[in-house]
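Asks: kindly generate the corresponding structure for this input.
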Amino acid sequence: MHVISASRRTDIPAFHAEWFMNRIRQRTVRVRQPFGMGTSDVSLAPEDVIAIVFWTKNAAPIIPWLDELADRGYCFTFLYTINNYPTFLEPHVPSMGHTLKVLEALAKRLPDSFLRWRYDTIVLTDRTDRQWHMRNFSHLCKALAAYTKECIFSFCDYYKKTTRNMSLNVPDYYVPDENQSRAMAEEMAEIAADYDIRMASCAHDFLVSETIAKARCIDPEFLRRVVNITSGQEALSALKLAPSRKECGCVASRDIGAYDTCGHGCVYCYANSNPELARANLARIRVDHVSLHPDSAMP
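Replies: Here you go, the predicted structure:
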């Protein structure tokens, strides 16, 4: 049995919900591994899936299918990224008002453990400086305290394509040093504590402290609250640590997404080379394709 990650590489609930449900009904999905490492078929049969972890900034498109997903025997949860950033950073992410309506709809039909909030990734610019983030984060804690008790966060890691896109579109960005990052994280932890929200640092162990835990986005202990079958609980115990990058705390999962297929257009995103390529790929993918990868998305 395995955990399905849907997905670090793209926003499946927001842009590929119907495709995903077609793959669920067919009980299999084809995944092309990054960096030209070939393809593999991943079973989506309920008896092979411990749980599905949805990564998203907009769960609204998948809500109509959640009852079917549950009726078919799947356990699932959401890692929901909510940054409330201005459009120069997140041009096509839904408004905070829309997000709160979606969370309310999810909360009415799912248990308390449906949501883990990600404030990710923290981007500093002249327009979103430390003071801006503290005001924004405080506002979000107040708005989200009814839906979650955990906030997973990280500061932006500037890979080559991230640096290229930020330099082109947001030239006033800057990278905080460790002391600046630590001071911001501790202040955020103080704010979050006022709303009974725990902070967890994703892949930045230097930020772990008495008030900030080490994040595990694919976390077997959390998933124990979601998985409701004995075989799934036993399979969780067997999962090994499988970090996706340095200092990642996640256990093994099967990611079924594809890079350059997300339409949010976030300038800081590591999963899109550029928004134009992502939009072109989105136009090529059909809901009956066996894979999300544009070059292997045969029906």
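Asks: when you work out contacts or count neighbours from here on, use the C-alpha atoms and nothing else.
Replies: Noted.
Asks: which parts of this structure are strands?
Replies: Counting by DSSP state E, the chain forms strands over residues 2-6, 28-32, 39-43, 49-56, 76-81, 115-122, 124-125, 150-155, 173-174, 198-201, 212-214, 254-255, given from the N-terminal end onward.
Asks: so which elements touch the second one?
Replies: Here strand 28-32 touches strand 39-43, going by 3 or more Cα pairs under 8 Å, 6 or more residues apart in numbering; DSSP states H and E.
Asks: same question for the last one.
Replies: Contacts defined by 3+ Cα pairs under 8 Å, 6+ apart place strand 254-255 against strand 2-6.
Asks: now the residue most central in space within the chain: closest residue in space, sequence neighbours ignored.
Replies: Taking Cα atoms, centre = their mean as the criterion, Trp55 is the residue nearest the geometric centre of the chain, at 3.1 Å. Closest residue in space to Trp55, ignoring its immediate chain neighbours: Leu79 at 4.7 Å, by Cα to Cα, 6 or more residues apart in numbering.
Asks: contact partners for the one you found?
Replies: When contacts are counted by Cα atoms under 8 Å, 6 or more residues apart in numbering, Leu79 touches Val53, Phe54, Trp55, Thr56, Leu115, Arg116, Trp117, Arg118, Cys217.
Asks: now these in TSV, with distance to Thr211?
Replies: Conversion of these to TSV gives the following (distance: Cα to Cα, whole Å):
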residue	distance to Thr211
Val53	26
Phe54	27
Trp55	25
Thr56	26
Leu115	21
Arg116	18
Trp117	17
Arg118	17
Cys217	18
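Asks: Throw these into JSON lines and include pLDDT and distance to Gln233, thanks.
Replies: Formatted as JSON lines, the contacts of Leu79 follow (pLDDT from 0 to 100; distance: Cα to Cα, whole Å):
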{"residue": "Val53", "pLDDT": "98", "distance to Gln233": "15"}
{"residue": "Phe54", "pLDDT": "98", "distance to Gln233": "19"}
{"residue": "Trp55", "pLDDT": "98", "distance to Gln233": "22"}
{"residue": "Thr56", "pLDDT": "98", "distance to Gln233": "25"}
{"residue": "Leu115", "pLDDT": "88", "distance to Gln233": "19"}
{"residue": "Arg116", "pLDDT": "95", "distance to Gln233": "20"}
{"residue": "Trp117", "pLDDT": "97", "distance to Gln233": "23"}
{"residue": "Arg118", "pLDDT": "98", "distance to Gln233": "25"}
{"residue": "Cys217", "pLDDT": "97", "distance to Gln233": "18"}
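Asks: show me which of those residues is closest to Arg9.
Replies: Looking at the contacts of Leu79 and their distance to Arg9, the nearest is Trp55, at 9.1 Å (Cα to Cα).
Asks: partners of the residue nearest to Trp55 in the sheet?
Replies: For Leu79, the beta-bridge partners are Trp55, Arg116 (DSSP bridges).
Asks: model confidence over stretch 9-26, on average?
Replies: Stretch 9-26 shows a mean pLDDT of 98.
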